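Enquirer: Have a look; sequence and predicted model below, questions after that.
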Amino acid sequence: VNIMTSMGLAASAAQTLVSHIREKPRQSLHHWLKLFELYRLNNDQAGFERTAEELRVYYNVRPATWLPDISPAEGSSIEVYPHIRAELIERWRQTDCAKFLHSLLADNRDGTRAGFPLVVAEEILLLIAVKNAEAA
(Lines give C-alpha, C1' and ligand atoms only; values in the text may rest on other atoms or scores of the structure.)
Protein backbone atom coordinates (compact mmCIF):
# COMPACT_ATOMS: atom_id res chain seq x y z
CA VAL A 1 0.00 0.00 0.00
CA ASN A 2 2.83 2.41 0.84
CA ILE A 3 4.56 1.65 -2.46
CA MET A 4 1.34 2.16 -4.40
CA THR A 5 0.77 5.47 -2.62
CA SER A 6 4.32 6.64 -3.36
CA MET A 7 3.68 5.89 -7.04
CA GLY A 8 0.61 8.15 -7.04
CA LEU A 9 -1.84 5.27 -6.86
CA ALA A 10 -3.52 6.24 -3.60
CA ALA A 11 -7.01 5.34 -4.80
CA SER A 12 -5.85 1.86 -5.84
CA ALA A 13 -4.01 1.53 -2.54
CA ALA A 14 -7.22 2.33 -0.68
CA GLN A 15 -9.13 -0.28 -2.69
CA THR A 16 -6.44 -2.87 -1.97
CA LEU A 17 -6.65 -2.10 1.73
CA VAL A 18 -10.46 -2.23 1.71
CA SER A 19 -10.32 -5.70 0.11
CA HIS A 20 -7.84 -6.88 2.74
CA ILE A 21 -9.87 -5.44 5.61
CA ARG A 22 -13.05 -7.07 4.28
CA GLU A 23 -11.32 -10.47 4.32
CA LYS A 24 -9.70 -10.06 7.75
CA PRO A 25 -11.25 -7.10 9.61
CA ARG A 26 -9.72 -7.95 12.98
CA GLN A 27 -6.22 -8.67 11.72
CA SER A 28 -4.78 -5.23 12.39
CA LEU A 29 -6.01 -1.85 13.53
CA HIS A 30 -3.00 -0.42 11.65
CA HIS A 31 -4.73 -1.28 8.37
CA TRP A 32 -7.80 0.69 9.34
CA LEU A 33 -5.72 3.71 10.38
CA LYS A 34 -3.84 3.62 7.07
CA LEU A 35 -7.15 3.47 5.22
CA PHE A 36 -8.32 6.64 7.01
CA GLU A 37 -5.08 8.30 5.92
CA LEU A 38 -5.67 7.23 2.30
CA TYR A 39 -9.25 8.46 2.31
CA ARG A 40 -8.02 11.87 3.46
CA LEU A 41 -5.33 11.84 0.77
CA ASN A 42 -7.97 10.97 -1.85
CA ASN A 43 -10.46 13.49 -0.44
CA ASP A 44 -12.98 10.64 -0.09
CA GLN A 45 -15.16 11.79 2.78
CA ALA A 46 -17.92 9.26 2.09
CA GLY A 47 -15.50 6.34 2.23
CA PHE A 48 -13.89 7.78 5.34
CA GLU A 49 -17.18 8.15 7.20
CA ARG A 50 -18.47 4.73 6.12
CA THR A 51 -15.27 3.10 7.34
CA ALA A 52 -15.31 5.08 10.59
CA GLU A 53 -18.70 3.63 11.50
CA GLU A 54 -17.67 0.13 10.44
CA LEU A 55 -14.58 0.33 12.65
CA ARG A 56 -16.76 0.22 15.79
CA VAL A 57 -18.05 -3.21 14.83
CA TYR A 58 -14.57 -4.67 15.22
CA TYR A 59 -12.64 -2.41 17.59
CA ASN A 60 -13.22 -0.55 20.83
CA VAL A 61 -12.18 2.67 19.13
CA ARG A 62 -14.21 5.82 18.71
CA PRO A 63 -14.70 6.44 15.00
CA ALA A 64 -12.62 9.16 13.46
CA THR A 65 -14.24 12.31 12.15
CA TRP A 66 -13.58 13.78 8.75
CA LEU A 67 -12.77 17.18 10.18
CA PRO A 68 -10.00 16.82 12.76
CA ASP A 69 -10.90 17.96 16.27
CA ILE A 70 -8.63 20.90 17.07
CA SER A 71 -9.73 21.17 20.70
CA PRO A 72 -7.81 19.31 23.40
CA ALA A 73 -9.24 15.82 23.61
CA GLU A 74 -10.68 14.65 26.90
CA GLY A 75 -9.08 11.26 26.40
CA SER A 76 -5.86 12.24 24.68
CA SER A 77 -3.76 9.60 26.46
CA ILE A 78 -4.14 6.30 28.21
CA GLU A 79 -3.08 8.23 31.32
CA VAL A 80 -6.62 9.67 31.65
CA TYR A 81 -8.04 6.18 32.18
CA PRO A 82 -6.83 5.49 35.75
CA HIS A 83 -8.22 1.95 36.00
CA ILE A 84 -6.54 0.94 32.73
CA ARG A 85 -3.33 2.73 33.68
CA ALA A 86 -3.22 0.88 37.01
CA GLU A 87 -3.80 -2.50 35.39
CA LEU A 88 -1.21 -1.76 32.72
CA ILE A 89 1.39 -0.88 35.34
CA GLU A 90 0.57 -4.08 37.20
CA ARG A 91 0.80 -6.25 34.07
CA TRP A 92 3.70 -4.54 32.26
CA ARG A 93 6.33 -7.11 33.27
CA GLN A 94 3.98 -10.07 32.97
CA THR A 95 3.78 -12.32 29.93
CA ASP A 96 0.10 -11.54 29.37
CA CYS A 97 0.58 -7.78 29.02
CA ALA A 98 0.38 -7.75 25.20
CA LYS A 99 -2.76 -9.89 25.38
CA PHE A 100 -4.26 -7.37 27.83
CA LEU A 101 -3.39 -4.48 25.49
CA HIS A 102 -5.00 -6.28 22.53
CA SER A 103 -8.12 -6.89 24.63
CA LEU A 104 -8.47 -3.14 25.19
CA LEU A 105 -8.85 -2.58 21.46
CA ALA A 106 -11.17 -5.49 20.72
CA ASP A 107 -14.87 -4.77 20.77
CA ASN A 108 -16.47 -7.18 23.20
CA ARG A 109 -19.75 -5.35 23.78
CA ASP A 110 -21.28 -5.19 20.30
CA GLY A 111 -20.31 -1.57 19.71
CA THR A 112 -22.08 -0.23 22.81
CA ARG A 113 -18.97 1.39 24.28
CA ALA A 114 -17.97 4.89 23.27
CA GLY A 115 -14.55 3.51 22.35
CA PHE A 116 -11.12 4.99 22.74
CA PRO A 117 -10.21 8.10 20.77
CA LEU A 118 -7.89 7.23 17.88
CA VAL A 119 -4.94 8.90 19.60
CA VAL A 120 -5.35 6.51 22.56
CA ALA A 121 -5.76 3.53 20.24
CA GLU A 122 -2.50 4.54 18.53
CA GLU A 123 -0.82 4.78 21.94
CA ILE A 124 -2.02 1.26 22.78
CA LEU A 125 -0.68 0.02 19.43
CA LEU A 126 2.69 1.59 20.27
CA LEU A 127 2.72 -0.19 23.64
CA ILE A 128 1.90 -3.48 21.89
CA ALA A 129 4.84 -2.90 19.53
CA VAL A 130 7.13 -2.26 22.51
CA LYS A 131 5.98 -5.49 24.19
CA ASN A 132 6.44 -7.42 20.94
CA ALA A 133 9.95 -6.01 20.53
CA GLU A 134 10.79 -7.07 24.08
CA ALA A 135 9.55 -10.57 23.38
CA ALA A 136 11.63 -10.90 20.19
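Expert: Thanks, I have the structure now. Numbering: from 1, shown residues only.

Enquirer: Spatially central residue in the chain, please.
Expert: residue 29 (4.2 Å; CA atoms, centre = their mean).

Enquirer: distance of that residue from residue 89?
Expert: Distance of residue 29 to residue 89, given as CB to CB, to the nearest Å: 23 Å. Where C-beta positions appear, they are placed from N, C-alpha and C, glycine not excepted.

Enquirer: Could you do residue 12 as well?
Expert: From residue 12 to residue 89 the distance is 44 Å (CB to CB).

Enquirer: Looking at these two, which is more packed in?
Expert: residue 12 (14 against 9; other CB atoms under 10 Å).

Enquirer: my guess is that one meets residue 4, correct?
Expert: Yes: at 5.6 Å, residue 12 counts as touching residue 4 under the criterion of CB atoms under 8 Å.

Enquirer: ok, and what's touching the host helix or strand of residue 14?
Expert: Using DSSP states H and E, the element containing residue 14 is helix 10-23. Helix 10-23 has contacts (CB atoms under 8 Å, 6 or more residues apart in numbering) with 1-2, 4-5, 27, 31-32, 34-35, 38-39, 41-42, 44, 47, 51.

Enquirer: Thank you kindly, that will do.
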